[in-house]
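A.B. asks: what would the 3D arrangement of this be:
(one chain, ligands or ions: 1)
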Amino acid sequence: MHERAANLGTETAFSVLARAAELASQGRDIINLGIGQPDFPTPPHIVEAGIKALRDGQHGYTPSKGIPPLREAVAENLHNRYGVEVSPDLVQILPGGKVVIFFATQLLGEAGAEIIYPDPGFPIYASAIGFSGAKGVPYTLNEAEGFGFDADAILGKITPRTRLIIINSPANPTGGVTSKTEIQKLIQGLEAHPQIYLMADEIYDQLVFDGAEMATALDFPAIRDRLIILNGWSKTYAMTGWRLGYGIWPSSLMDVADRLAINVHSCVNAAAQYAALEALTASQTCVETMRQAFQQRGKDISKGLNALKGVSCAEPKGAFYAFCNITDTGKDSAFWQKTLLEEYGVAVISGTSFGEAGAGYLRFSCANSDSAIAEALSRFSRALDES
Ligand code: PLP
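C.D. replies: A predicted model of the protein is given here:
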């Protein structure tokens, strides 16, 4: 086996999900606030479009980059939402937004190169960077700064070996949203480093709560020739299990990203692509309904966590996670992840699963019912009393 394989990490949320399912199968009453997926079903009109595609005989391979109407719909959707021009030729439909991370890191990373990424951040960044052979260079997201990034701190990490910078807003696991000013500052700073690509993970861009504002990196023409966008349907349309996502590539990388796709998965499931087309072109009411539900739960869960002894939690500005500070409980995040699941039946993820800077934090997913969240908080309160 190649040495780089030892660098492959994982996503703790999946092992916690497996353990939670195992405990549930033994008859335990488990509340899952671990995995990051909407608890809503995919809206019925989208499901119907997938079924219809199967009935209509969409059973074969599609073009590797995705069916043309879907790539056009992605470009149009971005135009409608942000007023930006995106060429459908640079849109690649993928089996999950996650694939963009793998492709970008493998295309730009190699031994001797450096890739800058957020900590705490989605664990696949560090894992895929390590697998590419590049050195991962983390930048810290701080609670005191609302978990948004500080452009100067990122720019300060650049060396002649830097190939790629990864940003993510709204962010997993913190629920932080970075301001347009800071994104602009980063992009302006990158003008002095024309060899560095920027990957903006905008998978939660439609889950931004009142008072915060989504700023897309697509808004800055100066970076377009080295900008990679990650987005998709998983979070916005409750479609995690359909495995659908998209990348927008600079023209310099589009062909090689397509060759990678042909080597790896050929194309995305045809019926899923028709469902994705329906998601983008039909009424967007379902998106707003889910956004409001996550917003309310984010408020409720952070309020409930703040009422617990030794726990504090900033109200999330987006995504669907509450990232609470448990330093004053006197126990670390790994202890709470294990104790809450094994003894109290509540699945949450330790902050350290998202990087070293996650020490002292726990991630609660708001993607569960109000009653399940209330019960999880009451069990956490009991655990705090009994520990
Ligand atoms: N990026 C971030 C920040 C995420 O949290 C996730 C999913 O948890 C993804 C990307 C991947 O999403 P998908 O399910 O579309 O692969």
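A.B. asks: touching, residue 332 and residue 359? I think so.
C.D. replies: Yes: Residue 332 lies in contact with residue 359 (Cβ atoms under 8 Å); the separation is 6.9 Å. (Glycine included, C-beta is placed from N, CA and C.)
A.B. asks: which residues do these two both contact?
C.D. replies: Common contacts of residue 332 and residue 359 (Cβ atoms under 8 Å, 6 or more residues apart in numbering): residue 352.
A.B. asks: how much space separates residue 6 from residue 264?
C.D. replies: Remark: distance between residue 6 and residue 264 (Cβ to Cβ, to the nearest Å) = 21 Å.
A.B. asks: looking at those two, which one has more neighbours?
C.D. replies: residue 264 (13 against 9; other Cβ atoms under 10 Å).
A.B. asks: give me the residue from the stretch 251-387 of the chain nearest the ligand.
C.D. replies: Closest to the ligand within the stretch 251-387 of the chain is residue 319: 7.5 Å, counting by Cβ to the nearest ligand atom.
A.B. asks: which helix is the longest one in this structure?
C.D. replies: Ranked by residue count, the top helix of the chain under DSSP state H comes out as helix 285-306.
A.B. asks: in contact with the closest residue to residue 149 other than its chain neighbours, which residues?
C.D. replies: Leaving out its chain neighbours, the residue that sits closest to residue 149 by Cβ to Cβ, 6 or more residues apart in numbering is residue 178, at 5.2 Å. Residues near residue 178 by Cβ under 8 Å, 6+ apart: 148, 149, 167, 169, 171, 215.
A.B. asks: what's next to the longest helix of the chain, contact-wise?
C.D. replies: Outside helix 285-306, the residues touching it (Cβ under 8 Å, 6+ apart) are 38, 40, 43, 175, 206-210, 236-238, 311-316, 319-320, 322, 324, 364, 366-368, 370, 373-374, 377, 380.
A.B. asks: buried members of those into PyMOL, please.
C.D. replies: Filtering the contacts of helix 285-306 down to the buried ones (16 or more other Cβ atoms under 10 Å) takes a single PyMOL command:
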select buried, resi 38+43+175+206+207+208+209+236+237+238+311+313+314+315+316+319+320+322+324+364+366+367+368+373+377+380
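A.B. asks: now do the same contact list for the closest residue to residue 368 other than its chain neighbours.
C.D. replies: Counting by Cβ to Cβ, 6+ apart, residue 39 is the residue found nearest to residue 368 once chain neighbours are left out, at 5.3 Å. Residues near residue 39 by Cβ under 8 Å, 6+ apart: 367, 368, 369.
A.B. asks: which one of those is nearest residue 115?
C.D. replies: If you rank the contacts of residue 39 by distance to residue 115 using Cβ to Cβ, residue 367 comes first, at 29.1 Å.
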